[in-house]
Every structure is written in structure tokens, then in C-alpha cells.
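# Whatever this is, show me its structure:
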Amino acid sequence: MKKNIWLICLLFSFSYTNASDPVKLIIDCNKETGILRRSELYNNNSLLRTPSSAITNKYKKEIGVTKIMRCWVTIGDYWNYETNEYNYNFKCGWDLNLWDNFHDYMERFSEISEEILLNVRGCHPDVVKGKITMEQWRTACKNGIKHYKERFPKIKYIEALNEYELGDFGGLTNDEYYQFYKEFYKIINEINSELKPEIPLEIGGPCITRGNFLEGITKTQNMRDFLRNYARDTDPEKQLSFISYHEYRFGKNPSLVSGQEAMIKSWCREFGIPDNIPIFITEMGDNSESRRKTIIYKNQLLQAACMSSLFYYYNQQPQVQGFHWVIQHKSQDRKNQIFDNLRWSPYGISLKMHSHMAPAQIEVNSPKIKEGKGVYCVASKGKNKLTVLLWNYQWETGKKSSSVELNIQNLLDVFDKNKLKLKEYLLDSGHNNIHTTRFSVLTVTDDQLLSSKESDLSLSNDALYSVVLEPNAMCLLEISTE
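Have a look, this model is predicted:
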């Protein structure tokens, strides 16, 4: 018997006219591929622009409780090495944002997180320069971590220093860094022994950023040196619970991050280190200089599509967990997810789109994406719910809109009711973009992710859907019985 097919065609009025031949995608609802990885629940905040409680409450309500939130503490903020005085509840922030107390900052993120990763840095350049001794630094470092662990028990991961190879963060050599890493794991072992916490502390690094993992570039050598130094360390109590680094250099071609897990695992095996250590990309994005000259509404659309594309490839690497960067940044607005007026940026809206996705990922048959640019698709299902997320990643140079034809098969595997509701959400130059769309009719308590189309549907086994996506535009399709 011939199957019934319902057809939805959406060609919004401001779509570009240079759309290419249709990109044809097939989703088979019978083919589950596992649990969808929740990228929106791994995030960063900033110690220099500490989000208010209104912002953290909004995040929890509209995105959810994070799996891991990355927080920060700087040793020089709570310890004065000249007087040896401690103030663990110091004022934090930057410039005009210097208004918050550190305990309040940590409390807010403890309330919206299952676990906290705390990056600990500071005063290490003073050790290298001979202003203070390693023992002085070690004592201050341990006192701080122990205090905060006792007060905020959700702290689980300690990340040893931040981008140590950069001049702004110390300009340490790889060998100098490892001397600090050794002190970190000894400190963590001591605190776990003394406190016997329900959630023991774990330690990781090296938290490098410079260069990338293409052959012959700085980061390759830095990571290999760290792993080699760890392998040469004969201390039986040494610990490496996670490997961390930052990735900012693949916005032009996100597909190049695909082999990073395999590369790091091969180095671990080379040096006799277990190759199943989790890998945390604790910051990621695109830091190309031209981004800073781009109009903000285009910049944040690019940020949203870029981060989704990077996660697309990282999520295919089981040991890798990426982190979004950042809820609020001190100076680079393109990285902001929520503004002070409690409005989501386009980047923040993309996180909300991901949060709407159903739990079980299903297979998508699509054309191969060339050099990281093109139409991406992630699909998932739950009980009486199907979600599809599409985006047209063109980076900053692409001008091409894409016409998408989506063929959804075996819908009867998902739904047990005949009456369905379709909702479509767009993120582009004219939808859900605070920089180009007026939200004057909304209050700050309203959901800022607004549907562009809603339709009642009669259930059939197959469905067709069509849409044209601007460069870096995103589209969420949600079919449910509600």
C-alpha cells in the first residue's frame, strides 16, 4: 500500500536567492545510534564578569542543571604573599563589574550544577621569578583548594593552571609547568586523605591553548611533552584524571578536530599511559582576528553555528567532552550567551535549541560535509517526540544559502497517537536574533525562543520537510503529541 506523506514547505521571505541545489537528508526513526550527548550542559562562566543570580536562575530554568560547570579561582585574589593574609571571600569581577563576592559566585554555580571543574591558577610566575618559594605557593594553593572544597562539595575536578605557555599567564616552559603539576596532584591527594569527601577531588591538565594539533604546531609538542613528563614521573601517587586543552583554531574547518582523540590516545600508548583518560576541551570556538571586525548579529550567528559544528565532531569521539565558552565574557561580546538584560544572544538561543532535543539519537543519512562547511543535521526521538536540528555552517567567508529537503521515515515507530503538533524554530537574521528582532512585546520571564511555524499534523509513516537556511542559520523542528 502506498504510504501517506505530509509535506511542509517553508521558504521565508528574506531567504537568499542564491540557494544551491537541495541538500537531501534522510532520517530513519527505526535506527537509534545511542543516547544523544547533551553539549549544552557543559559550560563555562567567567570570574572577571561574574553572572548574576538572575542569569544563573534563568540558565537553570531554560537550559537545565549543568553536568559540569567550569569555574575559576586565582591564588593571588585570596592570598597576599607579602603579608601572608587570606581573604577567601574576596571581591571578584573586572572594571565596572567588580561587585561580586567569590563565595556568592561559587554558590550560584553550585546550585545549577551537578559537578564543578575549578581552574586554579595564579602566583606561579612569582615562583619562577624567585619572588616567592614553591613551598609558599604550595601552601597557599592547598589552603585555597581545601577551603573551597569544604564549602562547595560539588567541586570535583581541579584544572592545574590556565594556558601556562602564554605570556599573559606566566609564559612557562613545559618542564616548568610540570613542576607545578606535580605539586597539584600531591595537594589533591593530601586533601582527599584529610577530608575524605563524598566526591573526591580529581586533577588534570595541561590546559594549553597555543597552536593546534596539526603536525609541527606548538600544541602538539606541548601536549607530547606533558604526557612524556608524566610518564617519566616515578612517583607512585601521581594522578592524571583528565587531559585538558583549549581549541580556537579550527573555525574555518571544524572537521579537522575529528582525529584529536585518536592522536592523544596514540601518544598515551606511546608513553605507557592508560589511553582511556577523559579529554576535556575546556574552552573552544573561533578566535580569528577578522571576527572582531564583524557586525555583531552576524558574529553571534557564526558563533552559534561554529560551536554546534565543533561539538558535532567532538561528540563523535567518546572520550572527548567539550565545554561551551562562555555565559558572559568580560570584553568579547560574540562569546556571550546571556546579556545583563536577561536576553539570550543568538549563541545562547542555539543552546536552548539543543536543550529541546529528545534523548535518543537517530541516524541521519546526509551528503558528506566538505571542509567543515555545509548543512549539518542531528536528529533524536523520545516517547511521542521527534526533534531535528539543522544548521548551514558557512564560517565568515561563505555566502551560500542552502535549500534542505528532509525525508523522515518510520514515524510510526515514534508516535502512538494520530494527532500531532509540529513546531519550527529558526535562528537567523530575522528570527530569534536579539540584534535584529524587536522583543518589545516580551517580558524577561517569557521564553525567548519563539516558533516561526506551528501546524497540526495527521500521523503517517513518512514525512517530507523543506526549508532554506541562510549562511550560519539554524532550524529546530519539533514534532510531538502535545
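# can we go C-alpha only for contacts and neighbour counts from here?
Will do.
# Helices along the stretch 101-250 of the chain, start to end?
With helices called from DSSP state H, counting those that start in this stretch, the stretch 101-250 of the chain shows them at 102-111, 124-128, 134-151, 174-195, 218-232.
# how about those helices in JSON lines, adding mean pLDDT?
Rendered in JSON lines, the data for the helices of the stretch 101-250 of the chain read as follows (pLDDT from 0 to 100):
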{"stretch": "helix 102-111", "mean pLDDT": "97"}
{"stretch": "helix 124-128", "mean pLDDT": "98"}
{"stretch": "helix 134-151", "mean pLDDT": "98"}
{"stretch": "helix 174-195", "mean pLDDT": "98"}
{"stretch": "helix 218-232", "mean pLDDT": "97"}
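# export these to JSON lines and tack on mean neighbour count?
Putting those into JSON lines (neighbours: other Cα atoms under 10 Å) gives the following:
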{"stretch": "helix 102-111", "mean neighbour count": "19"}
{"stretch": "helix 124-128", "mean neighbour count": "18"}
{"stretch": "helix 134-151", "mean neighbour count": "17"}
{"stretch": "helix 174-195", "mean neighbour count": "18"}
{"stretch": "helix 218-232", "mean neighbour count": "18"}
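# Glu478: which of those is closest?
With respect to Glu478, and counting by Cα to Cα, the nearest of the helices of the stretch 101-250 of the chain is helix 102-111 at 29.6 Å.
# I'd like the distance from the closest one to the chain centre, please.
Helix 102-111 sits 20 Å away from the centroid of its parent chain (Cα atoms, centre = their mean, to the nearest Å).
# Next, the angle helix 134-151 makes with that helix.
Interaxial angle, helix 102-111 versus helix 134-151 (axes from the mean of the first three to the mean of the last three Cα atoms, to 10 degrees): 50 degrees.
# sorry, back to before: adding distance to Arg49, write the helices of the stretch 101-250 of the chain out as CSV.
Below are those laid out as CSV (distance: least, Cα to Cα, whole Å):
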stretch, distance to Arg49
helix 102-111, 10
helix 124-128, 23
helix 134-151, 20
helix 174-195, 26
helix 218-232, 28
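# Looking at the ones you listed, which is nearest to Trp344?
Of all these, it is helix 102-111 that lies closest to Trp344, at 18.4 Å by Cα to Cα.
# what comes into contact with that closest one?
50-51, 53, 56, 69, 71, 88-92, 116, 152, 154 (Cα atoms under 8 Å, 6 or more residues apart in numbering).
# swap in stretch 214-227?
The contact list for stretch 214-227 (Cα under 8 Å, 6+ apart) reads 174-175, 178, 206, 208-213, 267-268, 271, 273.
# before we move on, the earlier item: just the buried members of the contacts of helix 102-111?
By neighbour count, with 16 or more other Cα atoms under 10 Å, these hold 50-51, 56, 69, 71, 88, 91-92, 116, 152, 154 as buried.
# and the gap between Ile112 and Gln303?
Ile112 is 24 Å from Gln303, where distance means Cα to Cα, to the nearest Å.
# CA-only coordinates of stretch 22-41 in CSV, if you can.
As requested, the backbone C-alpha atoms of stretch 22-41 are provided in CSV (Å, rounded to 0.1, in the frame of the first residue of the first chain):
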residue,chain,number,x,y,z
PRO,A,22,18.7,21.0,-2.4
VAL,A,23,20.7,19.1,0.2
LYS,A,24,18.7,15.9,0.7
LEU,A,25,18.7,14.3,4.1
ILE,A,26,17.1,11.0,5.2
ILE,A,27,16.2,10.2,8.9
ASP,A,28,15.1,6.7,9.7
CYS,A,29,13.3,6.7,13.1
ASN,A,30,14.0,3.0,13.5
LYS,A,31,17.7,3.4,13.6
GLU,A,32,18.9,4.6,17.0
THR,A,33,22.6,5.3,17.5
GLY,A,34,22.7,5.8,21.2
ILE,A,35,21.9,8.5,23.8
LEU,A,36,22.3,12.0,22.5
ARG,A,37,25.2,13.8,24.1
ARG,A,38,24.0,17.0,25.9
SER,A,39,26.5,19.5,24.8
GLU,A,40,24.5,22.4,26.3
LEU,A,41,25.1,21.1,29.8
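# Please compute how far that stretch lies from its chain's middle.
The answer for stretch 22-41 is 19 Å, by Cα atoms, centre = their mean.
# Check stretch 133-144 too.
What separates the centre of stretch 133-144 from the centre of its chain is 31 Å, taken as Cα atoms, centre = their mean.
# what do you get for stretch 363-373?
That offset, for stretch 363-373, works out to 21 Å (Cα atoms, centre = their mean).
# per-residue confidence averaged over that stretch?
For stretch 363-373, mean pLDDT is 95.
# buried set for it?
With burial defined by 16+ other Cα under 10 Å, the residues of stretch 363-373 counted as buried are 363-364, 372-373.
# So for the chain, which residue is the most central one in space?
Geometric centre of the chain, nearest residue: His324, 2.1 Å, by Cα atoms, centre = their mean.
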